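Asks: please find the sequence and the predicted model below.
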Amino acid sequence: MTYIDNYFISVIGAIALGWVEQFLLGQGALTGKKWILGHFATYHIILLVVFIALAYPFWQLVPLLILIEDISFFTFRVKDDLGPDNWVNWIFGGFYIGSRWVPFTYIILLALFIVLEFFL
């Protein structure tokens, strides 16, 4: 499998996982205890393992996949718009560009991907 093939499959997988997560959350299936730092649940570990498996052997894709999955989650979730009260702002907050909220977490994940992809 070439890098481009892996990249494409990984991105499609991240988009699909965002949809699955919002669907399961809407069904009440992801209501487990958030036992990791009081913020993350077991399914977050499962998502990370899936991202690593999708990206293998191109580990530098993992930050990009996390970013794409989260954007996909909010794109498919009609109930909540991305805003200052969402979990993705847990530590770093964010800012508005026009009427769109941009979490600093997204900037950090994108920067990490760029560094891993092009500079390491």
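Replies: Happy to help now that I have it.

Asks: and L24, how many residues sit next to it?
Replies: When neighbours are counted by other Cβ atoms under 10 Å, L24 registers 13. (C-beta placed from N, C-alpha, C; glycine too.)

Asks: switch to numbering from 24
Replies: I'll keep to 24 as the first residue from here, and by that count the last item is L47.

Asks: pLDDT value on it, please?
Replies: Per-residue confidence (pLDDT) for L47: 83.

Asks: secondary structure class for it?
Replies: Classification of L47 by DSSP: H, G, I helix; E, B strand; the rest coil places it in helix.

Asks: show me the strands in this protein, by range?
Replies: 117-120, 123-126 (DSSP state E).

Asks: so which of the ones you listed is the most surrounded?
Replies: Stretch with highest mean neighbour count among those: strand 123-126 (a mean of 17; mean count of other Cβ atoms under 10 Å).

Asks: how far does that one sit from the chain's center?
Replies: On the basis of Cα atoms, centre = their mean, to the nearest Å, strand 123-126 sits 14 Å off its chain's mean C-alpha point.

Asks: to K57, which of the strands of the chain lies closest?
Replies: strand 123-126 (18.3 Å; Cβ to Cβ).

Asks: report the mean confidence score over that closest one.
Replies: Across strand 123-126, pLDDT averages out at 90.

Asks: so what touches that strand?
Replies: 104-107, 109, 111-112, 115-119 (Cβ atoms under 8 Å, 6 or more residues apart in numbering).

Asks: send the alpha carbons of that strand over as PDB?
Replies: Extracted in PDB, the C-alpha atoms of strand 123-126 (Å, rounded to 0.1, in the frame of the first residue of the first chain):
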ATOM      1  CA  ARG A 123     -17.200  29.800  13.600                       C
ATOM      2  CA  TRP A 124     -15.600  28.600  16.800                       C
ATOM      3  CA  VAL A 125     -12.100  27.200  16.400                       C
ATOM      4  CA  PRO A 126     -10.600  25.300  19.300                       C
END
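
Asks: next up, the contacts around R100.
Replies: The contact partners of R100, taken as Cβ under 8 Å, 6+ apart, are 45, 48-49.

Asks: make it 6 Å
Replies: Q45 (Cβ atoms under 6 Å, 6 or more residues apart in numbering).
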